[in-house]
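can't give you the sequence, but here's the structure:
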């Protein structure tokens, strides 16, 4: 981070500054290299050599494994942060790096990247930046689609809500059905107590051919005293 902040630092100054941080065998190596190369050493060669000679091999192997298992989960910023942290130890580069990233991305991100970048990538930084921008566009598109569906009143997941509405309707309709059934049973009971429609039919047959005025003298004006209907 220190060297990345001070871009004007020359190779000789970078090597000297790192040397002040070393101890034990690493410091001995640094001093021997300085005596041999002096100002002919470069930061690129120096940093590559020290990484190769003093990195933790076990930690590098673990990072390689985790890097191969790392997958994009819908947040490209989180993925790239984790990728860079692991790759500081795994040191994946070139085609190996591109293969790991491509396997971690869904088809939507790959399609977006191929649609905007037709040529092959010659460096890791350009490849990672293109993948980052493609995933960012996919995430923005998804967020916009969800916002539009919400604005239209179309919830993303409605299955559970629909089931709850159906159950609520059934709970409300059940008391009505029970009341209707009870009313019908009570009506049938009343009909059976007074002879029901069979009695009314026999009474009609008995008064067949008799004028209505004579019939009303017998039944009254309130209708049939068995079923309460007029016109018998």
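Arrived safely. This structure is a prediction, so every number in the text was calculated from the model and none was measured.

If you count neighbours, what's buried in stretch 129-149?
By neighbour count on 16 or more other C-beta atoms under 10 Å, the buried set for stretch 129-149 is 130, 131, 132, 134, 135, 137, 138, 139. Glycine gets a C-beta too; all of them are placed from N, C-alpha and C.

avg pLDDT for it?
Taken as a whole, stretch 129-149 has a mean pLDDT of 95.

same thing with stretch 9-16?
86.

Quickly list the domain ranges of the chain.
The record's domain parsing of the chain by automatic domain parsing lists 2-54, 57-150.

If you drop the residues flanking it in sequence, what lies closest to residue 30?
Nearest residue to residue 30 in three dimensions, chain neighbours excluded: residue 19, at 4.6 Å (C-beta to C-beta, 6 or more residues apart in numbering).

And the closest residue to residue 116 other than its chain neighbours, how far from residue 92?
Sequence neighbours aside, residue 134 is the residue nearest to residue 116 in space, at 6.7 Å (criterion: C-beta to C-beta, 6+ apart). Remark: distance between residue 134 and residue 92 (C-beta to C-beta, to the nearest Å) = 20 Å.

before we move on, back to that, if we take the buried residues of stretch 129-149, which one ends up nearest to residue 27?
Top of the list for closeness to residue 27, among these and by C-beta to C-beta, is residue 132 at 38.7 Å.

quick one: the strands in this structure?
Under the criterion DSSP state E, the chain contains no strands.

now the helices: where do they sit in it?
All helices of the chain, identified by DSSP state H, fall at 2-5, 11-19, 24-37, 43-54, 57-69, 76-90, 94-104, 107-116, 124-151, 159-193, 196-206, 212-219.

Next, the residues that contact the fifth one from outside, please.
For helix 57-69, the external contacting residues (C-beta atoms under 8 Å, 6 or more residues apart in numbering) are 83, 86, 87, 88, 89, 90, 91, 92, 100, 103.

what's the closest of those to residue 151?
If you rank these by distance to residue 151 using C-beta to C-beta, residue 83 comes first, at 35.0 Å.

For residue 131, see how far away the closest one is.
For residue 83, the distance to residue 131 - C-beta to C-beta - is 10 Å.
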